[in-house]
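[1] Would you be able to build a 3D model of this:
(2 chains)
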Amino acid sequence: MDTNTPVVIGYSGSLEWNQDVVSTSSGALLQWFWTYRCLTTDPSTRSAFYLMKAFAYARFQLGMPKGAVKIELWGKIDPHYQSFAETLGIADDVYISGYLSKAASLEKSNQCDILFLPMESPGKDGQPLFIPGKAYEYLNARKPILAFSESCDAMNVLQPSGLLVQFGARAIEEPAQWMHRVAKDRAILNTIRPDDSYIVKYSFREITGQLADVFNKTLHE
Amino acid sequence: MEKILFIAYQFPPRGGPGVQRSMAFVSHLREFGYEPIVLTVTEEDIRQGRYQYDESLMGRIPQDILIHRIPANEPAVWAKRMMELKLYRFFWYFGFHRLWEWSLNWNDHAFPVAQQLIRQHNIKLVYTSSAPFSVMLLGMKLQQSLNVKWVADLRDPYTDAYAWQFPSKIHWLFRRRFERNVFSKPNRLIVNAPAVKELYLKRQLIESSKITVITNGY
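    Numbering: from 1, shown residues only, chains lettered A, B, ... in the order given. All right, here's what the predicted structure looks like:
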């Protein structure tokens, strides 16, 4: 194995960066009469924010060598993420680019060593209502999946697959230590093995069978 | 083979995440004894709209599936002009009952076609895929006027999700009322995450026996 090849953490899709207007008291009043969104989209509630912070921690606090690990983000990535990487001093290891076709994107994902699954930690209850579609695509890719999230539906889907590397929604130090270890010994990734008998349950053919069951019940009630 | 009317506003050749579930269901339903007859928007709407166009996706759907396409009549050109004149926000605020989803106009044109397809093919079950949520109004109208069973599939939650913006919290409350009035009406409501089911039961939007979780897949 070429030890000089960087470990690549990849994600394709969209990453928003919206500062909330309702975080101040005047904003709270404003929402009654002006634009309203029921949950926050502040970047500090999105896990890509913590991925970058953890990466910076690994580089500058733990001494992870420059170029040992790189982050590749492509798709509809808000330019603020580039600025954020620059602010953290990790821009040399963070590669952000635009849309690719589905086929090209899948090919690029296949070249990544670790697939990053962006998660949200919104609201008072902290339970995301979405299971990102990427979660299923990643199961099919059968590669290590890196996620920063508390327990939620998406984690419940991914956990039994054997592929999930999960840290807390706002964790920095622990994922940094893990990245540092992977940078030193990428063979760690080989210990993350998929459970094929579980993953196959999420093929759309199986899922369509569940829809047909609902149709059967509905027609015969 | 039991025929069903499969209403999916977002359908190939439109690309993006919103079409994957419908495309996969249409591709596999025959294996389970159901023949979907698809009702969707025209290819022209997708080409001219704000949407990704991905012709390759059509290759993943059996060629002999019946697909009926009705013009969407989205007010995109008018809205663009209003945005340029900085007037759209005014209409969005005061005309939200017509602009909460641009797909709303489609229902009026799709209804007679859906009615005809149901009669012609002796269809007993209508499936709707949302978002857009306005399509649920079409499903409900068909259920009530033709006495067919209606299964509504929500690919996303609506007023509980951060993905949608409203002109104000007052408008949001009106949409909450829409959910209360409509979400209990399908014979079965499908959501794609257990947390959403739990939330809807907590909000008492629907009886537990009528809501089912079917996740996405690959």
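
[2] My read is that B:Phe6 contacts B:Ser22, right?
    Yes: B:Phe6 is within contact range of B:Ser22, at 7.4 Å (criterion: C-beta atoms under 8 Å). For every residue, glycine as well, the C-beta is placed using N, CA and C.

[3] what sits in contact with each of these two?
    In terms of C-beta atoms under 8 Å, 6 or more residues apart in numbering or on different chains, B:Phe6 and B:Ser22 are both contacted by the residues B:Ser129.

[4] Of these two, give the one with the bigger neighbour count.
    Higher neighbour count among B:Phe6 and B:Ser22: B:Phe6, with 28 against 25, using other C-beta atoms under 10 Å in any protein chain shown.

[5] Compute the distance between that one and chain A, please.
    B:Phe6 sits 10 Å away from chain A when distances are taken as C-beta to the nearest C-beta, to the nearest Å.

[6] What distance do you get for that residue to A:Leu211?
    From B:Phe6 across to A:Leu211, the span is 10 Å (C-beta to C-beta, to the nearest Å).

[7] Need the overlap of contacts for these two.
    Here B:Phe6 and A:Leu211 have B:Phe25, B:Leu29 as joint contacts, going by C-beta under 8 Å, 6+ apart.

[8] now the helices for chain B?
    Per DSSP state H, chain B carries helices over the ranges B:20-28, B:43-48, B:76-84, B:88-94, B:96-99, B:104-120, B:135-146, B:169-182, B:194-202.

[9] out of the ones you listed, deepest packed?
    Compared across the helices of chain B, helix B:20-28 shows the largest average neighbour count, a mean of 22 (mean count of other C-beta atoms under 10 Å in any protein chain shown).

[10] Just checking the distance from it to the centre of its chain.
    Put simply, helix B:20-28 sits 14 Å off its chain's centre (C-alpha atoms, centre = their mean, to the nearest Å).

[11] next one: stretch B:17-25
    The answer for stretch B:17-25 is 12 Å, by C-alpha atoms, centre = their mean.

[12] Any part of it near chain A?
    Yes: counting by C-beta under 8 Å from any C-beta of the partner chain, chain A has neighbours in stretch B:17-25: B:Pro17, B:Gln20, B:Ala24, B:Phe25.

[13] contact partners of that stretch?
    Here stretch B:17-25 has contacts from A:133, A:204, A:207-208, A:211, B:6, B:8, B:10-12, B:36, B:57, B:60-61, B:129, B:131, B:153, B:155, B:192, B:216-217, using C-beta under 8 Å, 6+ apart.

[14] In ChimeraX, how would I select the buried members of those?
    Command for ChimeraX that selects the buried part of the contacts of stretch B:17-25, burial taken from 16 or more other C-beta atoms under 10 Å in any protein chain shown:
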select /A:133,204,207,208,211 /B:6,8,10,11,12,36,57,61,129,131,153,155,192,216,217
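
[15] Just name the closest of the residues of stretch B:17-25 next to chain A to chain A, please.
    B:Ala24 (3.6 Å; C-beta to the nearest C-beta).

[16] how about the strands in chain A?
    Here chain A has its strands, by DSSP state E, at A:7-15, A:69-77, A:94-97, A:114-117, A:145-148, A:164-167.

[17] and of those, who's closest to chain B?
    Of the strands of chain A, the one closest to chain B (C-beta to the nearest C-beta) turns out to be strand A:7-15, at 8.4 Å.

[18] Strand A:69-77 and the closest one, what's the angle between them?
    20 degrees (axes from the mean of the first three to the mean of the last three C-alpha atoms, to 10 degrees).

[19] Who are the packing partners of strand A:7-15?
    helix A:47-60, strand A:69-77, helix A:102-111, strand A:114-117, helix A:173-184 (3 or more C-beta pairs under 8 Å, 6 or more residues apart in numbering or on different chains; DSSP states H and E).

[20] which one of the ones you listed has the lowest average pLDDT?
    Lowest mean pLDDT within the helices and strands packed on strand A:7-15: helix A:102-111, a mean of 87.

[21] And chain B, is it touching that?
    Yes: counting by C-beta under 8 Å from any C-beta, chain B has neighbours in helix A:102-111: A:Lys102, A:Ala103.

[22] Determine the set of other helices and strands touching that helix.
    strand A:7-15, strand A:69-77, helix A:133-141.

[23] How much space separates the residue at the greatest distance from the centre of chain B from B:Ala79?
    The centre of chain B is farthest from one residue, B:Leu85, which by C-alpha atoms, centre = their mean lies 30.5 Å away. Separation of B:Leu85 from B:Ala79 (C-beta to C-beta): 11 Å.

[24] contacting residues around A:Val165?
    A:Val165 touches A:Ile114, A:Pro144, A:Ile145, A:Leu146, A:Ala147, A:Trp178, A:Ile192, counting by C-beta under 8 Å, 6+ apart.

[25] where does chain A have its least confident helix or strand?
    helix A:25-33 (a mean of 65; mean pLDDT, DSSP states H and E).

[26] And the residue nearest the centre of chain B?
    Centroid check for chain B by C-alpha atoms, centre = their mean gives B:Ser130 as the closest residue, at 3.3 Å.

[27] cool, chain A as well?
    A:Leu117 (1.9 Å).

[28] Quick check: nearest residue in space to that residue, chain neighbours excluded?
    Nearest non-adjacent residue to A:Leu117, counting by C-beta to C-beta, 6 or more residues apart in numbering or on different chains: A:Ala147, 4.4 Å away.
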